[in-house]
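Trainee: build me a model:
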Amino acid sequence: MNLIENFGWNDKWQEKIGAVGIPGRVVLEHKNMYRVVTDNGEWLSTLSGKYRHEHLHAEFPAVGDWVMVEQMPGEQKGIIHSILPRSSQFSRKAAGETSDIQIIAVNVDYVFLVMSLNHDFNVRRLERYLLAAWDSGANPVVVLTKSDECEDLAPFISEVESVAFGVPVYAVSSVTGAGIDQLRKLLENHKTGALLGSSGVGKSSLINALSGQAIMAVQGIREDDSKGRHTTTHRELVRLPSGGLLIDTPGMREFQLGDYEEGIESGFSDVEDLAELCRFRDCEHNNEPGCRVQEALSTGELKYDRYRSYLKLKRELAHMERKSNLAAQKAARNKWKQITKDSRKRPVQKR
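Mentor: Sure, this is the predicted structure:
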């Protein structure tokens, strides 16, 4: 077996192979430097000048990417020339007022959406994660950690299932080992998973439990609100002894939406299906006659908290779309301004 096959390389990736260099997988990213595993070893790599010039920063490699990399003569270093087309991409809107999208994890088979069974448990936040997961192309899995500290799991699992339709839900404990084998089985045959969740939910402890050894540092949490500090400060691809692969990510204090219109349809299929049954196609679900959504709200078939969350996320998506359009228009104007400036600087050729 070639070395990169241990990191998920297969015939499907072979079909996407580029022309320059050899294939390798990004296992660590730090300040525009990348550690890339290839069949010829692990190289600290940088982007080629041409790639950096021709691509936006959002198109730079991320942990989990397969890249075409060329070894620098006589050194254990590489130059990245291209990224192979991604099979999945999990992203969020960057923090702040910008409309930029931040890549979280790519080329993963499973997105493990991690919440702990304490103060961190928040179904409304889970809805946000699910939207991005459905849109990413990966399979979402809900992981409820610290089950050994919970006396009654049933209410928590029931609440998760009320918003995560058809998504597997696992209650696990890194202390007792409950549920760990089930997660490990999902990653058989060099499958890749990504752990996503807030600080203090036990992602590092979960990696240690899955690997059977302490390979990640673990921090404690505050007892009054169950909040933790960022144990992981960078993204890293970890290879488990069982053959599976995991991408650990820094805890996210906020999760702002990107463009997840398709994710809304999957994540809120219950609301969308009700809306399809309204008498009028342009029903705004207020006081219109024959509104199936209002009927479901009045009977309790649809919970008010669930519907309010749906409306809030729809408003955020609409806001993001407006900002993205404005940003695109501004970028186009600046581009043409620069072209005009450059053309004025060019000397007029005499005939």
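Trainee: run through the stretch 201-350 of the chain and note the low-pLDDT ranges.
Mentor: Counting by pLDDT under 70, the stretch 201-350 of the chain has low-confidence residues at 214-234, 251-266, 319-350.
Trainee: where do the strands sit along it?
Mentor: 236-239, 245-248 (DSSP state E, counting those that start in this stretch).
Trainee: quick one: which of those strands is nearest Ala132?
Mentor: strand 245-248 (14.6 Å; C-beta to C-beta). C-betas here are computed from N, CA, C, even on glycine.
Trainee: okay, now stretch 171-189: how far is its last residue from its first?
Mentor: One end of stretch 171-189 sits 23 Å from the other (C-alpha to C-alpha, to the nearest Å).
Trainee: oops, could you answer that again for stretch 107-122 instead?
Mentor: 27 Å.
Trainee: domain assignment for this protein?
Mentor: Residue ranges for the domains of the chain, per automatic domain parsing: 3-83, 89-248, 261-323.
Trainee: measure Asp135 to Ala194 for me?
Mentor: Separation of Asp135 from Ala194 (C-beta to C-beta, to the nearest Å) stands at 14 Å.
Trainee: ok, now Val63?
Mentor: The gap separating Val63 from Ala194 is 9 Å, by C-beta to C-beta.
Trainee: what sits in contact with each of these two?
Mentor: Residues within reach of Val63 and of Ala194 at once, by C-beta atoms under 8 Å, 6 or more residues apart in numbering, are Ala105, Ile247.
Trainee: who's more crowded, Asp135 and Ala194?
Mentor: Ala194 (28 against 23; other C-beta atoms under 10 Å).
Trainee: contacting residues around the more buried one?
Mentor: Ala194 sits in contact with Gly64, Phe90, Ile104, Ala105, Val108, Tyr110, Val111, Phe112, Ala138, Leu246, Ile247, Thr249, where contact means C-beta under 8 Å, 6+ apart.
Trainee: how about CSV for those, with neighbour count and distance to Gly49 added?
Mentor: Below are these laid out as CSV (neighbours: other C-beta atoms under 10 Å; distance: C-beta to C-beta, whole Å):
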residue, neighbour count, distance to Gly49
Gly64, 28, 24
Phe90, 26, 29
Ile104, 24, 27
Ala105, 26, 27
Val108, 31, 30
Tyr110, 23, 36
Val111, 27, 34
Phe112, 26, 37
Ala138, 24, 32
Leu246, 25, 33
Ile247, 26, 28
Thr249, 19, 29
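Trainee: returning to what we had before: for the domains of the chain, which one ends up most surrounded?
Mentor: domain 89-248 (a mean of 19; mean count of other C-beta atoms under 10 Å).
Trainee: that domain: end-to-end distance?
Mentor: First-to-last distance for domain 89-248 - C-alpha to C-alpha - comes to 15 Å.
Trainee: and if you look at stretch 8-26?
Mentor: With C-alpha to C-alpha applied, stretch 8-26 spans 12 Å between its terminal residues.
Trainee: cool, stretch 61-79 as well?
Mentor: Using C-alpha to C-alpha, the two ends of stretch 61-79 sit 12 Å apart.
Trainee: now do it: distance to the chain's middle.
Mentor: From the chain centre to the centre of stretch 61-79 is a distance of 23 Å (C-alpha atoms, centre = their mean, to the nearest Å).
Trainee: so for it, what's the average pLDDT?
Mentor: Mean per-residue pLDDT for stretch 61-79: 94.
Trainee: likewise stretch 3-23?
Mentor: Stretch 3-23 carries an average pLDDT of 92.
Trainee: if we can go back for a sec, same list (the contacts of Ala194) but as TSV, adding distance to Asp305.
Mentor: Formatted as TSV, the contacts of Ala194 follow (distance: C-beta to C-beta, whole Å):
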residue	distance to Asp305
Gly64	34
Phe90	26
Ile104	26
Ala105	29
Val108	30
Tyr110	28
Val111	24
Phe112	25
Ala138	27
Leu246	33
Ile247	32
Thr249	28
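Trainee: give me the most central residue, the chain.
Mentor: Phe90 (2.7 Å; C-alpha atoms, centre = their mean).
Trainee: give me the pLDDT for that one.
Mentor: Looking at Phe90, its pLDDT reads 85.
Trainee: skip ahead from whichever strand or helix holds it and say which helix or strand is next.
Mentor: Using DSSP states H and E, Phe90 falls within strand 89-93. Scanning forward in sequence from strand 89-93 by DSSP H and E, the next helix or strand is strand 101-106.
Trainee: within the sheet, what are the partner strands of that following strand, with directions?
Mentor: strand 89-93 (antiparallel) (DSSP bridges).
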